[in-house]
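> Sequence and computational prediction follow.
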Amino acid sequence: MSDSLTLPAETRERAGKGASRTLRREGRVPAVVYGGKEEPLAIHVEEKELVRQLGTGHFFNSLVEVTVGGKTHRTLPKDVAFHPVTSRPLHVDFLRIAKGAQVHVNVPVVFVNEEASPGLKRGGVLNVVRHELDLVCAPDSIPSEIEIDVTGKDVGDSIHISDVKLPKGAESGITDRDFTIATIVAPSALKSETGDTETDAAASAEGDAEGGSAE
């Protein structure tokens with residue numbers, strides 16, 4: 001499960017581009033907390049602390065407790081706007097989590113036991129189709145990552161969502177198909193060798209046929 005994060009914030013007294021620019025010059029990032037059948041709350045947070053939490057690698061699939069004026073809002077980060085040149089965060093959207101609610105989160109996948117995969121041991125390549133899984137779960141049970149075991153997987157094998165054991169209480173957000181997460185494909189060298197073998201076999205068969213007709 002991902003660790004919950006705490007992010008101190010202050011309310012924004014003024015809205016608009018001018019006020020937002022002033023906040024950014026002071027090292028603050030404008031943000032908003034919305035949802036949960038409550039009015040949106042305009043806030044601003046410290047840029048350095050926000051950047052630190054973004055750097056954890058699990059900011060978007062963590063429960064973030066935004067504290068404003070002594071009150072704590074349980075939220076899930078939904079979007080961060082970045083400057084196109086400097087990559088500095090410009091604005092953050094936080095979704096307020098109501099009690100008992102389920103949330104949609106994107107959780108990264110990691111592949112384990114690659115040394116036990118015959119296909120990878122032969123030089124096959126793990127072609128990852130989805131680096132994250134869309135999951136539905138309780139806010140307090142968001143997994144930090146999903147481990148996928150590739151033991152026994154050979155060249156040509158595929159891993160689908162039905163092959164993955166999800167944590168208790170978590171379900172796939174995509175339910176209309178058994179989608180592919182990764183495949184093990186042959187390396188180009190192996191493909192070339194296979195192609196050459198097939199070509200040689202075809203040439204040999206053609207030569208035998210010609211020899212037989214000559215007799």
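That came in fine, so what should we check first? Residues are numbered from 1 along each chain as shown.
> Only the C-alpha atoms, please, for stretch 137-154, written as CSV.
Output in CSV follows, covering the C-alpha atoms of stretch 137-154 (Å, rounded to 0.1, in the frame of the first residue of the first chain):
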residue,chain,number,x,y,z
CYS,A,137,-10.1,0.4,-4.6
ALA,A,138,-10.6,2.1,-1.2
PRO,A,139,-8.4,5.2,-0.7
ASP,A,140,-6.7,3.6,2.3
SER,A,141,-5.8,0.5,0.3
ILE,A,142,-4.1,2.0,-2.8
PRO,A,143,-1.2,-0.4,-3.7
SER,A,144,2.1,1.3,-4.4
GLU,A,145,2.8,-1.1,-7.3
ILE,A,146,1.5,-4.4,-8.8
GLU,A,147,4.0,-7.3,-9.1
ILE,A,148,3.7,-9.5,-12.2
ASP,A,149,5.4,-12.8,-12.1
VAL,A,150,7.0,-13.9,-15.4
THR,A,151,8.1,-17.4,-14.2
GLY,A,152,7.7,-19.9,-17.0
LYS,A,153,6.9,-17.4,-19.7
ASP,A,154,8.4,-18.2,-23.1
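> Give the rounded mean pLDDT of the longest strand anywhere in the chain.
Longest strand of the chain, by residue count under DSSP state E: strand 71-82. Averaging pLDDT along strand 71-82 yields 95.
> Would you give the sheet partners of it, along with the direction of each?
Here strand 71-82 is paired, per DSSP bridges, with strand 64-68 (antiparallel), strand 89-96 (antiparallel).
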